[in-house]
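A.B. asks: structural data only, the sequence is not supplied:
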Ligand SMILES: [Zn+2]
């Protein structure tokens, strides 16, 4: 790994921050939602199972999320993650108040 490989683009940070919390799927004239990490969804109306992971750019982004999830799953990472998440939430609260 070179030094350059360690840098993450601002574009990637922006894309992760705006990553949708849920995926909207239209089928049978209705809309339902799934996790953005689900590869397949089942329509609640007709029970058809469909592939919902469609556009190519998402693959790399999901890999990035998976890498973070994998890191967080480490037993020793839990306390670091929870401490940092608390700090981020507190910072966000401050931002919204001022
Ligand atoms: Zn359907």
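C.D. replies: Done, it's in. Note that this is a predicted model, so its numbers are computed, not measured.
A.B. asks: next helix or strand past the host helix or strand of residue 65?
C.D. replies: Assigned by DSSP states H and E, residue 65 belongs to helix 57-72. Moving toward the C-terminus from helix 57-72, the next helix or strand (DSSP H and E) is helix 77-97.
A.B. asks: name the helices or strands packed onto that following helix?
C.D. replies: helix 57-72 (3 or more Cβ pairs under 8 Å, 6 or more residues apart in numbering; DSSP states H and E). Just so you know, the C-beta spots here come from the backbone N, C-alpha and C atoms, and that holds for glycine as well.
A.B. asks: what mean pLDDT does the helix it packs on get?
C.D. replies: Regarding helix 57-72, the rounded mean pLDDT is 80.
A.B. asks: what sits up against it?
C.D. replies: The contact list for helix 57-72 (Cβ atoms under 8 Å, 6 or more residues apart in numbering) reads 12, 15, 16, 19, 36, 37, 53, 77, 78, 81.
A.B. asks: hmm, the fifth one is touching residue 16, no?
C.D. replies: Think residue 36. No. Using Cβ atoms under 8 Å, residue 36 is not in contact with residue 16, being 11.5 Å away.
A.B. asks: which one's more surrounded, those two?
C.D. replies: Neighbours were counted for residue 36 and for residue 16 using other Cβ atoms under 10 Å; residue 36 has more, 17 against 13.
A.B. asks: now the more buried one, nearest residue through space, not along the chain?
C.D. replies: In this structure, residue 36 finds its nearest non-sequential neighbour in residue 23, 4.8 Å apart by Cβ to Cβ, 6 or more residues apart in numbering.
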